[in-house]
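Student: Pasting the sequence and the predicted model now:
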Amino acid sequence: MTILIYLPIGLLSLLLQSSLKVFLLPESFHVDVTLLITVFIAQRSKGWTDAGATFLLGYLQDVFSASPFGATSISLLIIFLLVHYASRVIELENPFTVISVTFLLEGVHTLFLFLIFYLLSGVSSIPAGALAGRLVLTALLAPVAFHIFRGIERRLSG
């Protein structure tokens, strides 16, 4: 059921990221919706189908962004596992906790992707401005996104 809810949202965000956003906003105004979906799904996950949905979403992001196949999907799967097992100890209901954890996870996700790109293509510089904007904007919008995701789940579950 999770894949039927969040795959269309992720697909829409990837379409917007790869088409309209390129023309409308600078790179520093980028919200990583796939990471937000991954964190939200992982903290509520009850099975491996949710991990598969996360992997598929990451693979679609690899396709849309023309990055090496499997880079984002492996990174999101690692994030999924971290959040899934940490959610037994940390509850992501407090907005400050959501912002802090999302900031940390976005940093881990970005550095993992940078490492993969460095190993595969020799890219040796990180655009610091874009990275800082992405980390901050994704973290600050996480509580709003989680509230929207909860609303979608409530409406679809009855």
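Tutor: Yep, it's here.

Student: Report the rounded mean pLDDT for stretch 136-150.
Tutor: On average, the pLDDT along stretch 136-150 is 91.

Student: Residue 153 - how many residues pack around it?
Tutor: Residues lying near residue 153 (other Cβ atoms under 10 Å) number 15. C-beta here means a position set from N, CA and C on the backbone, and glycine is covered the same way.

Student: is it true that it touches residue 40?
Tutor: No. Residue 153 is not in contact with residue 40 according to Cβ atoms under 8 Å; the separation is 9.2 Å.

Student: residue closest to the middle of this protein?
Tutor: Residue closest to the mean C-alpha point of the chain, counted by Cα atoms, centre = their mean, is residue 35 at 0.8 Å.

Student: Which helix or strand contains it?
Tutor: Assigned by DSSP states H and E, residue 35 belongs to helix 33-44.

Student: can you check residue 6 too?
Tutor: Counting by DSSP H and E, residue 6 is part of helix 2-18.

Student: cool, and residue 59?
Tutor: For residue 59, the enclosing helix or strand under DSSP H and E is helix 48-65.

Student: Mind giving me the packing neighbours of that helix?
Tutor: Contacts defined by 3 or more Cβ pairs under 8 Å, 6 or more residues apart in numbering; DSSP states H and E place helix 48-65 against helix 2-18, helix 33-44, helix 71-86.

Student: So for the longest helix belonging to the chain, what gets flagged as buried?
Tutor: Scanning the chain for the longest helix, with DSSP state H as the assignment, gives helix 128-157. For helix 128-157, the neighbour count (16 or more other Cβ atoms under 10 Å) marks 131, 133-135, 137-139, 141-143, 145-146, 149 as buried.

Student: ok, now stretch 63-80?
Tutor: Buried, per 16+ other Cβ under 10 Å, within stretch 63-80: 64, 67, 71-80.
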